[in-house]
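Chemist: let's see this in three dimensions:
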Amino acid sequence: MPVDPNAVATWANAITAGRLVFSPVMFLVIPDHDRGSWLAYGLWFVLSLSDGIDGWIARRHGTTSSGAFLDPLADKVLVLGAMFTLVARDVFWLLPVAIITGRELVISVYRILVGSKGVSVPASKVAKYKTVFQQLAVGFALWPWFAVDHRWLWNGLLWIAVGLALVSGWNYLSASRRQPVPDAV
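Modeler: Residues are numbered from 1 along each chain as shown. Just a heads-up that it's a prediction; the model follows:
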């Protein structure tokens, strides 16, 4: 059954709100060492999986304006929060996380500016892959089977996410130069 595009109370939005509410819990359970944690990994897995589930529900029943705002916000809070927590715990390096954060800030400001003129900027495929690689990098850094002996794996995934972040950011900004945003009416 399709939902009203202006609706706020939807199943997809409820899952997204849950991701926002449980993100701080996720940051608290990330251990202060680089050996991983089953609790942190399990919570990360569930929260990352919920991102796909709320998207699937939204596509099946209809997207909403509130969901278009809340879902990317929840993604950024969860992923960047976990990454900065891992930086604070000396697990992730600051440089790749800072690059990803810079890209997120630039593209978020861009989306706000063009959104105020009635233009929607949906996530590109490259940006979706970026999110998956970010989730994998954090997940493998938290997973006890991979946290210590396979640092190369999650560091590699993190740097792939950096590359995808830069490519997708460039794609968004270069597309905006080819198709100027219409003046506000």
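Chemist: so what's the residue count around Tyr129?
Modeler: For Tyr129, the tally of surrounding residues (other C-beta atoms under 10 Å) stands at 15. Every C-beta, even on glycine, is put in place using the N, C-alpha and C of the backbone.
Chemist: Gly62 contacts Pro2, doesn't it?
Modeler: Yes - applying C-beta atoms under 8 Å as the test, Gly62 and Pro2 come out as touching, 4.5 Å apart.
Chemist: higher neighbour count, these two?
Modeler: Set Gly62 next to Pro2 and count neighbours by other C-beta under 10 Å: Gly62 wins out with 16 against 8.
Chemist: and that one, what pLDDT?
Modeler: Note on Gly62: pLDDT of 72.
Chemist: dihedrals phi and psi, it?
Modeler: With angles defined as degrees, to the nearest 10, Gly62 sits at phi 110, psi 140.
Chemist: what do you get for Trp44?
Modeler: phi -60, psi -40.
Chemist: using the three-state scheme, assign the residue nearest in space to the middle of the chain.
Modeler: Nearest residue to the geometric centre of the chain (C-alpha atoms, centre = their mean): Asp75, 3.3 Å. The local conformation at Asp75, judged by DSSP: H, G, I helix; E, B strand; the rest coil, is helix.
Chemist: so it sits right up against Gly52, yeah?
Modeler: No - the pair Asp75 / Gly52 is not scored as a contact, 11.0 Å apart, by C-beta under 8 Å.
Chemist: what's the mean pLDDT across the top helix by length along the chain?
Modeler: As far as residue count goes, and with DSSP state H defining each element, the longest helix of the chain is helix 151-178. Throughout helix 151-178, pLDDT has a mean value of 90.
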